[in-house]
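Novice: Generate a structure from the sequence data that follows.
(one chain, ligands or ions: 2)
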Amino acid sequence: MKKILIATKNQGKAREFCAFFNPRGFKVLTLNDLEQIPQIIENGTTFTENAMIKAQTLTKLLGTVTLADDSGLMVTALAGRPGIYSARYAGDHDDAANNAKLLRELSGVAKNERQAVFHTSLVVTRPQQTPLTVVGEVTGEILTKARGTDGFGYDPLFYLPKLGKTFAELTSVEKNQVSHRGKAIQQLSQEFDGWWQNNKE
Ligand SMILES: O=P(O)(O)OP(=O)(O)OP(=O)(O)OC[C@H]1O[C@@H](n2cnc3c(O)ncnc32)[C@H](O)[C@@H]1O
Ligand SMILES: [Mg+2]
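Specialist: Ligands and ions are numbered 1, 2, ... in the order given. Purely as a prediction, here's the structure:
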């Protein structure tokens, strides 16, 4: 069976990729399935650079087909922060602490100035092949209080005015239809099969 390693420890992300790769006959593995997880220094300056570093490091080290996702939230009133530092915004990789810090930093900011963009860069690598890169973005607003219990990360604070809901109030299917990652995956679905067949091995 074909296998793809999703270069993540984040189960929320991994779930969103299974729906894409399982129907294509891929077994999906994540970093949680490896006995030893290599340390990868994500020292790029953009989401795409960081995703490229993660995917290429693992393909070189393990010879696996690998997909890396680097995502984050860019808040206009915070000059684009937390951006590429979204996972460690509050110091540790802790969703509750990150959300609390976001609310603190935006306290007193008016509703019409709470715009934010969620970004995802995906890079897929395979030995001896040019990497495939796709991106996706969605614009929304940061609420003043969390709403909803589904999803992960910043989902309870990220509100979509056109749906009247936060990402955490959507089912995973609904979220995939409108989210940054969902849009990147739609782009991937246009490019992946051709890229896969083009392998020179
Ligand atoms: O192992 P990796 O893949 O690096 O997982 P991560 O959780 O560290 O992920 P990122 O480096 O891409 O950091 C993104 C941050 O943004 C959050 N995030 C990413 N996608 C999200 C989504 O769809 N909804 C809510 N929060 C999201 C996530 O929880 C992190 O805090
Ligand atoms: Mg990370």
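
Novice: where does the chain dip in pLDDT?
Specialist: When residues are selected by pLDDT under 70, those of the chain lie in 200-201.

Novice: who in the protein is up against ligand 1?
Specialist: 8-10, 13, 69-72, 86-87, 93, 95, 98, 151-155, 167, 179, 181 (CB under 6 Å from any ligand atom). C-betas here are computed from N, CA, C, even on glycine.

Novice: Among the residues you listed, name the ones in helices.
Specialist: Secondary structure from DSSP state H places 13, 95, 98, 181 of those in helices.

Novice: Okay, and the beta partners of the residue most central in space within the chain?
Specialist: The chain has Ser71 as the residue nearest its centroid, 3.9 Å off, counting by CA atoms, centre = their mean. Per DSSP bridges, the residues bridged to Ser71 are Thr120.

Novice: Let me see the contact set for it.
Specialist: By CB atoms under 8 Å, 6 or more residues apart in numbering, the contact list for Ser71 reads 13, 47, 86, 118-121, 180-181.

Novice: what about the helices in this structure?
Specialist: Under DSSP H, the chain gives helices at 11-21, 47-62, 95-105, 172-178, 180-197.

Novice: got TSV for the ones you listed, with mean neighbour count and distance to Asp33 too?
Specialist: Listed next are those as TSV, based on neighbours: other CB atoms under 10 Å; distance: least, CB to CB, whole Å:
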stretch	mean neighbour count	distance to Asp33
helix 11-21	17	10
helix 47-62	20	12
helix 95-105	16	22
helix 172-178	15	21
helix 180-197	17	20
